[in-house]
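Novice: 3D model of this:
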Amino acid sequence: MSTPSTISVTVPATTANLGCAFDCAAIAVSLHLRVSATPSSTGILACAYRGPNAESIPLDSSNLIIKSMQHYATRAKKTLPSAHLDIKNEIPLGVGLGSSAAAIVAGIVLGAELCGAKLDAAETLRLALEIEGHPDNLAAAVHGGMVVSAIVESAPGLPAVAGASSKDVLVLKTEVSQQLDFVCVIPDVPLPTEKARAVLPAQYSRQDVVANLQRTALLAAAFFSGPASFSEKTLSPEMFRDKLHQPYRAPLIPGIAQCLEYRHQGLAGIFLSGAGSAVMAIATRNAQQIGDALVAEFRRAGTSARALLLKADNRGIRG
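Specialist: Residues are numbered from 1 along each chain as shown. This next block holds a predicted model:
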């Protein structure tokens, strides 16, 4: 049991882009990063870690959670007190499930609380954005549910958008139906975000951009109609189809292209989770069968993979 001086935070994993909604939407899912910070008298920030890739996780000041804590302290012009962090992580690293976003959000919140401050969601997101640079995973990690977001940058000489400051984020959230299963199929090949972004073209055709805009509008309308109005016909794989990033990233991992074209009864949508390499399927039924079939698609292409059956996390960050 935590002592009274221990501060704890839980942050969900996230799946971003949702196919067509490139860099503007994400959904929080039921894998979590849990971090407890206990003030100490050692004069250092140190941590213990349990979770994926334990052998490669730094346990000193280069740890992303500690760096994010220090970022808060620097921005707030405060001295970060020494503490010991106990990190329990369920989120696979480097596969497109928002592990970095979760670590950054956790660090910002813990840094603030260790310095005696309590941040609201907007402040947490604004500071996290200074580290990550993309709001989709961050916004879903903070708010939970399905989130659409946009960065607001006030142009010189023009009035700021009402209620927004430079590098602010506009966010809208809706809860996601618990009738939906999220089938995350993870190949045993990570795909660094830098590599996934490097293959994207500098320009797109108007036709491809309009195709994505049409589907993004439909997708947002479907989710924002609310969990109560959800039915099996609300979503379809065509609504997630993308022409801006998936066609360029799919060839990087054998099996992804075949998975994105897979269809089955109960499959409501399928897309590359974030920048990959995980593929995320949304199912109204037959989730286990869909997961097994997608693992088989990867194996036929010579890539080992495993499936996780998840639900949406509508709570977001919590203590």
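
Novice: Longest helix in this structure, please.
Specialist: helix 206-224 (DSSP state H).

Novice: tell me which strands and helices that helix is in contact with?
Specialist: Contacts defined by 3 or more Cβ pairs under 8 Å, 6 or more residues apart in numbering; DSSP states H and E place helix 206-224 against strand 25-39, strand 146-152, strand 168-174. Every residue, glycine included, has its C-beta placed from N, CA and C.

Novice: Which of the ones you listed sits closest to residue 264?
Specialist: strand 25-39 (20.1 Å; Cβ to Cβ).

Novice: mind putting the helices and strands packed on helix 206-224 in CSV, mean neighbour count included?
Specialist: Shown next, in CSV, are the helices and strands packed on helix 206-224 (neighbours: other Cβ atoms under 10 Å):
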stretch, mean neighbour count
strand 25-39, 22
strand 146-152, 21
strand 168-174, 18
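
Novice: so which of these comes closest to residue 302?
Specialist: Proximity to residue 302 (Cβ to Cβ) singles out strand 25-39 among these, at 26.7 Å.

Novice: In the helix or strand that that closest one is followed by, which residues are buried?
Specialist: Beyond strand 25-39 on the C-terminal side, the first helix or strand identified by DSSP states H and E is strand 45-50. Buried residues in strand 45-50, counting neighbours by 16 or more other Cβ atoms under 10 Å, are found at 45, 47, 49.

Novice: between strand 45-50 and strand 25-39, how many degrees?
Specialist: For strand 45-50 against strand 25-39, the angle by axes from the mean of the first three to the mean of the last three Cα atoms, to 10 degrees is 120 degrees.

Novice: Between strand 25-39 and the very next helix or strand once past strand 45-50, find me the angle.
Specialist: Elements were assigned by DSSP H and E; along the chain past strand 45-50, the next helix or strand is helix 64-76. Going by the same axes, to 10 degrees, helix 64-76 is angled at 80 degrees with respect to strand 25-39.

Novice: Which residues does helix 64-76 contact?
Specialist: The list of residues contacting helix 64-76 from outside it, by Cβ atoms under 8 Å, 6 or more residues apart in numbering, reads 35, 45, 47, 60-61, 79-80, 85, 87, 100, 103-108, 110-112, 114-115, 117, 127-128, 130-131.

Novice: Now, of these, which are buried?
Specialist: For those, buried by 16+ other Cβ under 10 Å: 35, 45, 47, 80, 85, 87, 100, 103-108, 110-112, 114-115, 127-128, 131.
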